[in-house]
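**Student:** coordinates only, sequence not included:
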């Protein structure tokens, strides 16, 4: 995107930011554009300036309300515990000149600013150590928010609603806009054969047996900041923080991190579930989240590990049948390749279910 206005104009909307030496892009996010604002004095904080994609997050007031509630609650918890270095362990957002934690530029784009957390870094590497740290980090994040009383809204409504995803696949097959339904009928039949089982969470929630928690809902390994010793400082990228089943954080991490191949691997035989990553992540997660999880939530963690590759297979296949209207593709059958790879991962996770149940029973979660 070519800017038609100076970024310094946006920075001036946040009075806390002093004289600026440099503004440079950081990160490679697919949704928001992000910059580091380097201040002129070494004694002052640097800041992170971010353009919010209001086409994805259409209710920016709700988005920022969620983030403000979450960061305020975590900060209060850390201070009550007497934790040190609190400003590096939770994100801190600035008020703009109108008092809100975001502002609009003259073209209608939304911007926010937060304090840059010094001496921190992210990693994209997933190994046993980072999987364990991610499990502890995201579990601790959920645990600290388990008693948050302020209601949060869904920044992306029905984001991980399996019943909705099944309904969308049925509708796509019936409409058959791209004339592809017959080609993929066997895969559709396999997925639909498991649909009732994979919608179990929604039914249990309606029965009052399965709660929704405040979850991160985007548990990538690079959404945690690490210090120079490689320990977790804090969880970042809070746009998708909202009420969900804990399965969202647990299952979606394993879908990406515990797969032996990329989500669009063209050879399904190369796709399998990595038991080592499962064990490391699960141990870390239960060490922290175990303080609030119900017995049913713990029992259903293997279900969560199956749910997310299944859900993504359904979503990719829906888009393929519908003519590739949602996901960006690199070639005509890209979404079908993705769907088959995710379905293979789903089957591999299902085969590992006895192992997962036994391992979870062996972990002391209290």
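**Tutor:** Arrived safely, thanks for sending. Because the structure is a prediction, the values reported are computed rather than measured.
**Student:** SS state for residue 49?
**Tutor:** Using DSSP: H, G, I helix; E, B strand; the rest coil, the structure places residue 49 in strand.
**Student:** Run through the strands of the stretch 201-350 of the chain in chain order.
**Tutor:** Under the criterion DSSP state E, counting those that start in this stretch, strands of the stretch 201-350 of the chain are mapped to 213-215, 224-226, 232-235, 242-244.
**Student:** So what touches stretch 311-323?
**Tutor:** 160, 162, 165-166, 168-169, 172-173, 175-178, 180-181, 184, 187-188, 191, 198, 255, 263, 325-327, 333, 335-336, 338-340, 342-343, 346 (Cβ atoms under 8 Å, 6 or more residues apart in numbering). For every residue, glycine as well, the C-beta is placed using N, CA and C.
**Student:** For ChimeraX, write the select line for the buried members of those.
**Tutor:** In ChimeraX syntax, the buried subset of those is picked out as below (16 or more other Cβ atoms under 10 Å):
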select :160,162,165,166,168,169,172,173,180,181,184,187,188,191,198,255,263,335,336,338,339,340,342,343,346
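**Student:** could you dump the strands of the stretch 201-350 of the chain to TSV with mean pLDDT?
**Tutor:** Formatted as TSV, these follow (pLDDT from 0 to 100):
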stretch	mean pLDDT
strand 213-215	97
strand 224-226	96
strand 232-235	96
strand 242-244	97
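**Student:** and of those, who's closest to residue 97?
**Tutor:** strand 232-235 (26.8 Å; Cβ to Cβ).
**Student:** any idea how far the residue lying farthest from the centre of the chain lies from residue 88?
**Tutor:** Within the chain, the residue lying farthest from the chain centre (Cα atoms, centre = their mean) is residue 41, at 34.9 Å. Distance of residue 41 to residue 88, computed by Cβ to Cβ, to the nearest Å: 19 Å.
**Student:** all helices in the stretch 151-300 of the chain, in order from the N-terminus.
**Tutor:** Assigned by DSSP state H, counting those that start in this stretch, the stretch 151-300 of the chain shows helices spanning 162-175, 185-193, 195-198, 200-206, 247-257, 275-289, 295-299.
**Student:** most tightly surrounded among these?
**Tutor:** Compared across the helices of the stretch 151-300 of the chain, helix 247-257 shows the largest average neighbour count, a mean of 25 (mean count of other Cβ atoms under 10 Å).
**Student:** Residue 108 is nearest to which of the helices of the stretch 151-300 of the chain?
**Tutor:** That would be helix 162-175 among the helices of the stretch 151-300 of the chain, by Cβ to Cβ, at 29.7 Å.
**Student:** Compute the inter-axis angle for that closest one and helix 185-193.
**Tutor:** 150 degrees (axes from the mean of the first three to the mean of the last three Cα atoms, to 10 degrees).
**Student:** what residues does helix 162-175 touch?
**Tutor:** Outside helix 162-175, the residues touching it (Cβ under 8 Å, 6+ apart) are 158, 181, 188, 191-192, 195, 198-199, 201-202, 307, 310-311, 314-315, 317-318, 321-322.
**Student:** wait, doesn't residue 87 sit right on residue 115?
**Tutor:** Yes - Residue 87 lies in contact with residue 115 (Cβ atoms under 8 Å); the separation is 6.9 Å.
**Student:** If you count surrounding residues, which of these two has more?
**Tutor:** residue 115 (17 against 14; other Cβ atoms under 10 Å).
**Student:** Which residues are in contact with that one?
**Tutor:** Counting by Cβ under 8 Å, 6+ apart, residue 115 has contacts 45-48, 87, 91-92, 94.
**Student:** Take these and write them to CSV, including distance to residue 211, secondary structure and pLDDT.
**Tutor:** Output for the contacts of residue 115, formatted as CSV (distance: Cβ to Cβ, whole Å; DSSP: H, G, I helix; E, B strand; the rest coil; pLDDT from 0 to 100):
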residue, distance to residue 211, secondary structure, pLDDT
45, 38, coil, 92
46, 39, coil, 95
47, 37, strand, 96
48, 33, strand, 96
87, 32, helix, 94
91, 26, coil, 97
92, 29, coil, 97
94, 34, coil, 97
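**Student:** quick one on the thing from earlier: for the strands of the stretch 201-350 of the chain, give me CSV that also has distance to residue 100.
**Tutor:** Output for these, formatted as CSV (distance: least, Cβ to Cβ, whole Å):
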stretch, distance to residue 100
strand 213-215, 22
strand 224-226, 25
strand 232-235, 23
strand 242-244, 20
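**Student:** Could you dump the ones you listed into a markdown table and include distance to residue 64 and mean neighbour count?
**Tutor:** Converted to a markdown table, these look like this (distance: least, Cβ to Cβ, whole Å; neighbours: other Cβ atoms under 10 Å):
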| stretch | distance to residue 64 | mean neighbour count |
| --- | --- | --- |
| strand 213-215 | 16 | 23 |
| strand 224-226 | 20 | 22 |
| strand 232-235 | 17 | 21 |
| strand 242-244 | 13 | 20 |
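**Student:** Buried residues, stretch 109-118. List them.
**Tutor:** Buried-residue list, stretch 109-118, by 16+ other Cβ under 10 Å: 109-117.
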